[in-house]
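Peer 1: quick one: sequence plus predicted model below, questions after.
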Amino acid sequence: MLSHPLAEGAELRALEPWRAEEFYAFVVRSGVHLTPWMPWATDTDEPAKAERWLQGYADAQARGGRRVYGIWLDGLLVGGTGFATFDARAGVCSLGAWLAPEARRRGLVTRAARHMTEWAFETRGMSRVEWAAATRNEPSIAVAKRLGMEREGVLRSALTLGGVRHDVEVWSLIADRR
């Protein structure tokens, strides 16, 4: 079992296709809190779709690309984090996260994202880690700030969620400026 401890009873580990039923159950449990910010939550409306979504990440990881991890608290999947993009050749990746309401205010996403950022810089030699969030997604922006990221700007009307256009803030950490 490969995992990274985040806090008492909490760990970060690979969210692989064989965990599709567990991931699907998480989406059903937390969907109302995910769908305002995570487009994939609406599309994950059956276990087979959850498996395809996870398999897409597994296939990309096998090629050295994007990857996804789950956050477990007391044995229950309560969130996740992942590199939505991961271009080792260019040295740039983008990181994001999600968390069930009952697991908030414990620092789990910040710890997981910090671990993944350190891995990207130190193990994979990335030059830049990006974080993007809808401007109204205050919890996500707070994580970027806690990670010490710098706000680079706003992409106006760059994201559609639930049929509504949103501006997106772009944050980043640069390897030689941390």
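Peer 2: Received, thanks.
Peer 1: next, the buried residues of the helix or strand of the chain with the lowest mean pLDDT.
Peer 2: Every helix and strand of the chain was ranked by mean pLDDT, DSSP states H and E. The lowest is helix 39-43, at a mean of 82. With burial defined by 16 or more other Cβ atoms under 10 Å, the residues of helix 39-43 counted as buried are residue 41. C-beta: built from backbone N, CA, C; applies to glycine.
Peer 1: so how far is the helix or strand just after that helix off the chain centroid?
Peer 2: Going down the chain from helix 39-43, the next helix or strand is helix 47-62, by DSSP states H and E. Relative to its chain's centre, helix 47-62 lies at 15 Å (Cα atoms, centre = their mean, to the nearest Å).
Peer 1: helix 47-62 packs against which elements?
Peer 2: helix 20-34, helix 39-43, strand 67-73 (3 or more Cβ pairs under 8 Å, 6 or more residues apart in numbering; DSSP states H and E).
Peer 1: mind redoing it with 6 Å?
Peer 2: helix 20-34, strand 67-73 (3 or more Cβ pairs under 6 Å, 6 or more residues apart in numbering; DSSP states H and E).
Peer 1: can you give me the angle it makes with strand 67-73?
Peer 2: 120 degrees (axes from the mean of the first three to the mean of the last three Cα atoms, to 10 degrees).
Peer 1: so which bits of helix 47-62 are buried?
Peer 2: 47, 50, 51, 53, 54, 57, 58, 60, 61.
Peer 1: list the contacts for the last one?
Peer 2: Read that as residue 61. For residue 61, the contact set (Cβ atoms under 6 Å, 6 or more residues apart in numbering) comprises residue 67.
Peer 1: with the first one instead?
Peer 2: Contact criterion Cβ under 6 Å, 6+ apart gives 20, 21, 24 as the residues in contact with residue 47.
Peer 1: what's the pLDDT at the closest residue to residue 109 other than its chain neighbours?
Peer 2: Distance criterion Cβ to Cβ, 6 or more residues apart in numbering; nearest residue to residue 109, sequence neighbours excluded, is residue 97 at 4.5 Å. If you check residue 97, the pLDDT there is 96.
Peer 1: what pairs with the host helix or strand of residue 97, parallel or antiparallel?
Peer 2: Assigning secondary structure by DSSP H and E places residue 97 in strand 92-99. Strand 92-99 pairs in its sheet with strand 76-87 (antiparallel), strand 128-134 (parallel), by DSSP bridges.
Peer 1: quick check: phi and psi at the closest residue to residue 125 other than its chain neighbours.
Peer 2: Computed as Cβ to Cβ, 6+ apart, the closest residue to residue 125 that is not its neighbour in sequence is residue 91, at 6.8 Å. Note on residue 91: its backbone torsions stand at phi 80, psi 30 [degrees, to the nearest 10].
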